[in-house]
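Q: Provide a 3D model corresponding to the input given below.
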Amino acid sequence: MIVYPAIDLRRGRVVRLRYGDPAQETVHSDDPVAVAERWRAAGAAWLHVVNLDGALGEATLALDALRAVAGVGLAVQFGGGLRSLDDAARALDAGAARVVLGTLAVQQPEIAREAVARFGAPAVTVALDARGGRVATHGWQQASAWTPAELGARLAQMGVLHALYTDVSRDGDLSGVNVEGTAALARATGLAVIASGGVASLDDVRRLRATGAVAGVVIGQALYTGALALEDALRAAGQV
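A: Below is the predicted model:
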């Protein structure tokens, strides 16, 4: 199981939002590259980088920041504000190893098939972010008609391999990851599901791994608050 330390970018800084609410922001660093180097030194192989400005419809693709972070030498899974396949292509050209399609793929599921054909399935992740049992869009500010399992199954039929599943009600509050919901989504769709939202302790990582169904876990707030150490999370996930 792969551990993805999270770097959420807003106005050039590394931040965390509680429940995805831009009004509940905590700034952790003014230097995203230094943060990326910290996670590399701790043994990470991947980073999960989110352009919150783009996700919230406030600004650009943050390609300069992506280039700088990717230059550290880790594989970067990048999302936030990718409104077209051309945007995704620009992110991949800027150094992302994998792009996360969120609102775009929820509103136009067929775009996922085009993305797989254009970039290759390993380079594509679709965000299945759940709020109230429905997939949320536009930086988690709006709800769609899809359930995560319904949309995930359709996307799998289109050749999508990876999905990022966030229980928005737990994101940023260290309340514990939704282990059962994540594993159930993976089993129902056959997707390689990456868990996100609420990871609070090594027990969360161990429980996700123990399901045998979860492909990865994004950890943000717990790392930045010191609730767990990345080195310990990597061991619990079986990466080292």
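Q: roughly how far apart are residue 228 and residue 206?
A: Distance, residue 228 to residue 206, using CB to CB, to the nearest Å: 11 Å. Where you see a C-beta, it was placed from the backbone N, CA and C, and this is true even at glycine.
Q: Could you do residue 108 as well?
A: To residue 206, residue 108 is 38 Å away according to CB to CB.
Q: do the same with residue 222
A: Distance from residue 222 to residue 206, by CB to CB: 14 Å.
Q: Compare these two and say which is more crowded by neighbours.
A: residue 222 (23 against 16; other CB atoms under 10 Å).
Q: Give the helix, strand or coil label for that one.
A: The assignment at residue 222 comes out as helix when based on DSSP: H, G, I helix; E, B strand; the rest coil.
Q: What is the neighbour count of residue 210?
A: 12.
Q: Next: the one 10 residues further on.
A: By the other CB under 10 Å criterion, the neighbourhood of residue 220 contains 26 residues.
Q: Give me the distance between it and residue 91.
A: Distance, residue 220 to residue 91, using CB to CB: 20 Å.
Q: try residue 36
A: In this structure, residue 36 and residue 91 are 16 Å apart, going by CB to CB.
Q: out of the two, which sits in the more crowded spot?
A: Between residue 36 and residue 91, counted using other CB under 10 Å, residue 91 has the larger neighbour count: 29 against 24.
Q: mind showing which ranges of this protein have poor pLDDT?
A: Applying pLDDT under 70 to the chain flags residues 18-23, 25, 54-59, 137-145, 169-175.
Q: Can you show me the strands along it?
A: Ranges of strands in the chain, per DSSP state E, are 2-10, 13-17, 25-29, 46-51, 75-79, 98-101, 124-131, 134-137, 142-143, 162-167, 192-196, 214-219.
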